[in-house]
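In: missing the sequence, but the structure's below:
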């Protein structure tokens with residue numbers, strides 16, 4: 001049996017189709033080599049598969065050798081071995097991928113950036129929207145084949161990019177062009193504190209104010225309760241000791257100066 005770690009062909013279904021048509025390998029051998037289910041291979045052989053595949057020659061691709069195929073045809077139990085693993089296909093650098101349903105919106109997004117942020121370069125627009133410089137130039141020069149129907153629209157609203165990506169591109173272009181609002185930034189952050197630090201300080205001050213107000217309210221309630229108790233005690237002829245939580249109200253008894261009568 002072949003190792004489970006053996007890579008599969010680059011195009012398994014197309015390779016299986018070629019092996020079914022061009023060799024005498026068993027369905028199980030083909031299924032094992034291509035990483036498919038044996039019923040899929042059988043459906044291809046019976047022309048019952050839902051999708052029709054164009055055969056791909058694994059010998060020409062270097063994934064199999066003719067000697068390996070002959071060994072498999074001679075022994076139905078023989079497991080085919082990959083001669084050379086396929087090179088993994090990776091996406092090269094270039095314009096970002098845009099779904100087909102949104103590609104018709106690209107000219108509108110390009111026109112919006114050209115109108116609202118002329119400092120953004122064509123290379124930045126091409127990378128942000130996923131388009132070519134020829135398209136950008138045609139829209140800029142109004143020579144685009146569909147220029148009459150192009151309406152500038154925010155690319156973020158169109159789903160062509162995120163707001164963070166657009167802001168980053170605009171900020172970078174503005175900095176390069178020397179039109180950043182450095183003065184406003186200095187005024188806003190003159191105290192050297194960030195917005196987060198300011199918010200924390202405001203919340204702390206609000207919490208301290210609430211605690212202070214609650215303490216004052218509790219003290220006032222205690223004072224009112226003590227005064228009410230004192231009035232009840234005075235009516236009953238009793239003396240009430242002052243509460244230690246607050247100062248005793250001043251005595252209402254007349255002073256000595258008021259009791260003394262002027263000498264004759």
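Out: Received the coordinates, thanks. All values reported here derive from a predicted model rather than from experimental measurement. Numbers count the residues shown, from 1 in each chain.

In: starting at the chain centroid, how far to stretch 212-220?
Out: 46 Å (Cα atoms, centre = their mean, to the nearest Å).

In: then stretch 113-124?
Out: 24 Å.

In: and stretch 25-37, average pLDDT?
Out: Across stretch 25-37, pLDDT averages out at 91.

In: neighbouring contacts of it?
Out: The contact list for stretch 25-37 (Cβ atoms under 8 Å, 6 or more residues apart in numbering) reads 1-2, 8-9, 12-13, 15-16, 19-20, 38, 40-42, 45, 64, 69, 72-73, 76, 78-80, 82. Bear in mind the C-beta positions are built from the backbone N, C-alpha and C, glycine included.

In: using PyMOL, define a selection of the buried residues within these.
Out: To isolate the buried members of these in PyMOL, using 16 or more other Cβ atoms under 10 Å:
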select buried, resi 8+9+12+13+15+16+19+20+40+41+42+64+69+72+78+80+82
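
In: let's see which of the contacts of stretch 25-37 end up in helices.
Out: Counting by DSSP state H, these place 12-13, 15-16, 19-20, 38, 40-42, 45, 69, 72-73 in helices.

In: and residue 180, what pLDDT?
Out: For residue 180, the predicted pLDDT is 54.

In: by mean pLDDT, flag the weakest helix or strand of the chain.
Out: helix 182-188 (a mean of 44; mean pLDDT, DSSP states H and E).

In: stretch 74-82: end-to-end distance?
Out: Taking Cα to Cα, to the nearest Å, stretch 74-82 runs 17 Å from one end to the other.

In: the helices in the stretch 101-250 of the chain, which residues?
Out: Ranges of helices in the stretch 101-250 of the chain, per DSSP state H, counting those that start in this stretch, are 106-116, 122-125, 133-140, 155-158, 163-177, 182-188, 195-235.
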